[in-house]
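1. got a sequence here, can you build the structure:
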Amino acid sequence: MPVPSFTDAVPDNGYRWWYLDAISDDEQHAITVIAFIGSVFSPYYARARKRQNTPANQHCAINAALYGKPWRWCMTERGANSLKTSEHQLSVGKSQFQLDGNTLRVTIDEISTPTLSRVRGEINIELPAYDLEAVPLDSEDPTNAQHFWQPIAPRAKVSVAFSKPHLRWQGEAYVDSNYGTVPLESSFKSWVWSRTHGADNSTTVLYDVTDIHGVHSRRNLHYAANGQRTECVADEHVKLPPTRYWRIARDTRTKRNAQISKLQTLEDTPFYSRSRFVEQNAGVLSHTVHESLYLQRFDKAWVRTLLPFRMPRNLRTVLID
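-> Below is the predicted model of the structure:
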């Protein structure tokens with residue numbers, strides 16, 4: 001099974017997340033959904049960790065973001081009493097990730113902020129049959145690493161159907177999972193990540209990380225349509241415009257002579273940006289989702305004071321039957 005088990009243990013102060021993003025075939029819509037056990041960007045979890053070791057399952061959330069028209073953002077943090085896991089299912093409140101054979105079915109039932117409107121829908125992704133190896137992010141030696149990234153479906157077909165708001169489309173998706181035994185900000189200053197879907201059904205993933213001591217490292221990973229992994233060349237540094245409101249610096253790496261166009265900012269926050277753009281090389285178009293994360297800024301008290309407006313915490317018990 002290509003998906004890490006939903007029952008895998010998450011240590012105190014640690015985290016596990018399952019991530020998906022997708023873009024519609026007509027490029028008018030995009031979606032990102034992340035299920036967290038140990039919500040890494042939670043101000044509540046960060047505050048609790050400063051006092052004592054804290055179980056990750058006390059800070060869970062499913063983040064769902066719809067981009068385009070209509071636009072919605074949901075991320076309500078919940079406690080352990082609203083978390084339910086089995087080998088093939090993860091539920092946080094009324095939302096869930098569920099494996100049905102090779103199909104990953106994601107059900108969303110959330111309240112958006114700041115509009116306080118109901119968001120209900122289903123996402124179905126056809127996962128590949130192959131398994132892909134986890135990659136350490138903070139060490140070349142997996143035995144010394146505390147943070148791992150594992151691709152699940154570098155590229156897959158997706159269908160999206162929401163009743164609230166009314167939305168239906170099909171497109172291409174990407175799925176992965178990250179795991180760590182300590183908080184992100186205790187190991188990293190920043191990272192830049194991107195995934196690019198190529199015209200040959202391949203996917204390129206770039207991870208540029210700067211650790212807490214200022215040491216930089218790069219990972220250039222190319223996944224063929226059959227899941228075979230190779231190293232790729234992406235040496236051309238491209239500086240993208242900073243985000244409009246919070247001036248988050250953005251850069252990426254490409255092959256030589258590639259051109260970037262259609263840059264769209266999806267998330268512009270005090271410490272994080274999510275974007276998408278089109279990369280053209282020798283007339284061939286590739287679609288990229290990109291993120292920049294600045295953990296030193298996330299660790300500032302003034303930033304964490306702002307976050308509850310986007311991610312409220314609700315400790316009432318809510319479970320799917």
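2. packing partners of the longest helix that the chain contains?
-> Determined from DSSP state H, the single longest helix within the chain is helix 43-51. In this structure, helix 43-51 packs against helix 301-306, with contacts taken as 3 or more Cβ pairs under 8 Å, 6 or more residues apart in numbering; DSSP states H and E. Backbone N, C-alpha and C define where each C-beta goes, glycine included.
3. packing partners of the helix it packs on?
-> Looks like helix 301-306 contacts helix 43-51 (3+ Cβ pairs under 8 Å, 6+ apart).
4. pairing partners for the helix or strand just after the helix it packs on, with directions?
-> Scanning forward in sequence from helix 43-51 by DSSP states H and E, the next helix or strand is strand 60-67. Within its sheet, strand 60-67 is paired with strand 30-37 (antiparallel), strand 72-78 (antiparallel), according to DSSP bridges.
5. count the residues that sit near the closest residue to Val182 other than its chain neighbours.
-> In space, not counting the residues next to it along the chain, Val182 is nearest to Gln146; the distance is 5.2 Å by Cβ to Cβ, 6 or more residues apart in numbering. Neighbours of Gln146 under the rule other Cβ atoms under 10 Å: 18.
6. quick one: contacts for Gln146?
-> Asp138, Ser139, Gly180, Thr181, Val182, Ser187 (Cβ atoms under 8 Å, 6 or more residues apart in numbering).
7. and with 6 Å instead?
-> Gln146 makes contact with Asp138, Gly180, Thr181, Val182, according to Cβ atoms under 6 Å, 6 or more residues apart in numbering.
8. by neighbours, which of those wins?
-> Neighbour counts for those peak at Gly180, which has 26 neighbours (criterion: other Cβ under 10 Å).
9. and it, how far is that from Val192?
-> Per Cβ to Cβ, to the nearest Å, Gly180 is found 18 Å from Val192.
10. now swap in Arg168 and tell me
-> 33 Å.
11. kindly report the same for Val135.
-> Distance from Val135 to Val192, by Cβ to Cβ: 15 Å.
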